[in-house]
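Colleague: based on what follows, work out the 3D shape:
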Amino acid sequence: MAPDYIVQMNHISKHFGGVKALQDVHLNVERGEIHALIGENGAGKSTLMKVLAGAYPKDEGTIVIDGVEATTATPRAMIDMGVSVIYQEFMLAPDLTVAENIFIDQMQQSGMFINWKDLKRRAKQQLQKIGFGHIDPGKRVGELSVAYQQIVEICKCLAKDSKVLVFDEPTAVLTHSETQKLLELIMQLKAEGVTILYISHRLEELFAISDKITVLKDGKYVDTVETASITKEQLVTMMVGREIEQLFPERNAEIGEEILRVENLRTGDLVEDVSFSLRKGEVLGFSGLVGSGRTETMRAIFGADKKTSGKVLYFGEEVHFKNPKQAIRKGIGLLPEDRKSQGLLLKQPIRYNATLVSRQGNGFINHKKEQEEVRKLLARISTKYGSTEDNADSLSGGNQQKVALAKWLAVDTKVIILDEPTRGVDVGAKTEIYQIINELAENGVGVIIISSEMAEIIGTCDRAIVMREGRVTGEVPKENLSENQLIKLAMGV
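Modeller: Down below sits the predicted model:
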């Protein structure tokens, strides 16, 4: 019996100038299955999905949805054919309410006037369907946390009764419990006959829910396999083209003197009485649920947010950073959680972004020498890009993260704070970033890692501080680090 394909993408090619983003790619998805799409950053996953959604016109190939060829693949036409995409970058209007965002394409279906009460009621039903009925449908989306904005994005697509739902890294900003709710919802949608295309770098998610996995590499189709027939190790080898013997490389750093001490730090209602220390060559993890105060603690130390009380001692001397520039001058760096709004200047060249910190105070710049240094720096962390003069927004999400990190590698930092350093980064690139963290520690830099991935905290850190509701709930040494211990402290058990 021939497969019942609901999505058929054959011989798809897409070029951006001289960059071949997709070359003769195939993707065939059967009705009612969960089909995962995986590959390194820059492999073409998001580009392929944007072609499917009509956001990018294909240069070559055919797209067939439920037996009908999409001859004019525009975003509106693909939605009408039953395809909805939940992008990694949100497509929300921050000044509109939750209800307005969910039904933004259906606002005036009932005539000239909008029944606001009914709109809120229907939005509440959509939120309750996926276990987030506590979100206020009348609240402005811009006032919600990043995690809740993602939930609104999902509801917005579910409200269209789509036959095919594409999820592009949907759990990157969700907590463990929220992720489990989403995965349960996806399994429920599958049972109801909805076809799911799922992009994620989290292999455990793919193996938990998918029926098949298609692998892309360097914009080309590698293979499609039954999930049950392959191991994680085999999948990683297919994806990166080499075997990864160990995700977390060994570190041989010598932990030395104390370089940073924080005592009884408080910032309004977000951080209360936080104390910890960091030593030279040490990698210190900060674990906890979204909203636990980890990011706010680091922003206060870095001078990005105002602390209301407490002390920050740097090499034994009390410091009062009124802004990040003062912290940078002292040798403290911060890789922010949100690379797009805080970590990069997206409309500026890659070269400028990579040297943003090192060029501070330099009167004259040798652009030729600077380009050479940037190319060496980006090669060190295996960044994929066209030209150093291309804007940062031309890069894939993972390569943007590498450029955001590169600017701190170009300067002599004594302490570096990495907030979710591998979010949205593929398995191979994660290992490269972990190696950079090891090199920093071995060179005597004190490293702080905020991460929502417990395996990352366990695999990279010498010890971990756990926070909950703005307070430190415990400190766990390396020998006792386990998911069980971190979860207990994070949930106040």
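Colleague: after the helix or strand hosting N399, which helix or strand is next?
Modeller: Assigned by DSSP states H and E, N399 belongs to helix 397-409. Toward the C-terminus, helix 397-409 is succeeded by strand 415-419 as the next helix or strand (DSSP H and E).
Colleague: which residues does whatever helix or strand comes next after that following strand contact?
Modeller: For strand 415-419, the succeeding helix or strand toward the C-terminus, using DSSP H and E, is helix 427-442. If you take CB atoms under 8 Å, 6 or more residues apart in numbering as the criterion, helix 427-442 is touched by 40-41, 201, 203, 236, 239-240, 242, 244, 246-254, 281-283, 380-382, 398, 402, 405, 409, 413, 416, 418, 421-422, 425, 447, 449, 459-460. The way it works is simple: take the backbone N, C-alpha and C, and place the C-beta from them, glycine included.
Colleague: at 7 Å instead, please
Modeller: 40-41, 201, 236, 239-240, 244, 247-249, 251-253, 281-283, 381-382, 398, 405, 409, 416, 421-422, 425, 447, 460 (CB atoms under 7 Å, 6 or more residues apart in numbering).
Colleague: these, buried ones only, as a ChimeraX selection?
Modeller: Paste this into ChimeraX to select the buried members of the contacts of helix 427-442, with burial taken from 16 or more other CB atoms under 10 Å:
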select :40,41,201,236,239,240,244,248,249,251,253,281,282,283,381,398,405,409,416,421,422,425,447,460
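Colleague: quick one: low-confidence parts of the stretch 101-250 of the chain?
Modeller: 107-112, 173, 240-246 (pLDDT under 70).
Colleague: where do the strands sit along it?
Modeller: 164-168, 195-199, 212-217, 220-226 (DSSP state E, counting those that start in this stretch).
Colleague: redo those strands as CSV? Include mean neighbour count and distance to Q348.
Modeller: Output for the strands of the stretch 101-250 of the chain, formatted as CSV (neighbours: other CB atoms under 10 Å; distance: least, CB to CB, whole Å):
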stretch, mean neighbour count, distance to Q348
strand 164-168, 24, 25
strand 195-199, 23, 27
strand 212-217, 22, 29
strand 220-226, 15, 31
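Colleague: between these, which gets nearest to S309?
Modeller: Among the strands of the stretch 101-250 of the chain, the nearest to S309 by CB to CB is strand 164-168 (42.1 Å).
Colleague: what comes into contact with the closest one?
Modeller: So strand 164-168 is in contact with 6-7, 46, 49, 52, 82-88, 157, 189, 194-199, going by CB under 7 Å, 6+ apart.
Colleague: export it to CSV, keeping only CA atoms.
Modeller: Once non-C-alpha atoms are left out, strand 164-168 reads as follows in CSV (Å, rounded to 0.1, in the frame of the first residue of the first chain):
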residue,chain,number,x,y,z
VAL,A,164,-0.3,20.4,9.2
LEU,A,165,1.4,22.2,12.2
VAL,A,166,5.0,23.1,12.0
PHE,A,167,6.8,23.6,15.4
ASP,A,168,10.2,25.4,15.1
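Colleague: just checking: what are the partner strands of it?
Modeller: Paired with strand 164-168 in the same sheet, following DSSP bridges, are strand 83-86 (parallel), strand 195-199 (parallel).
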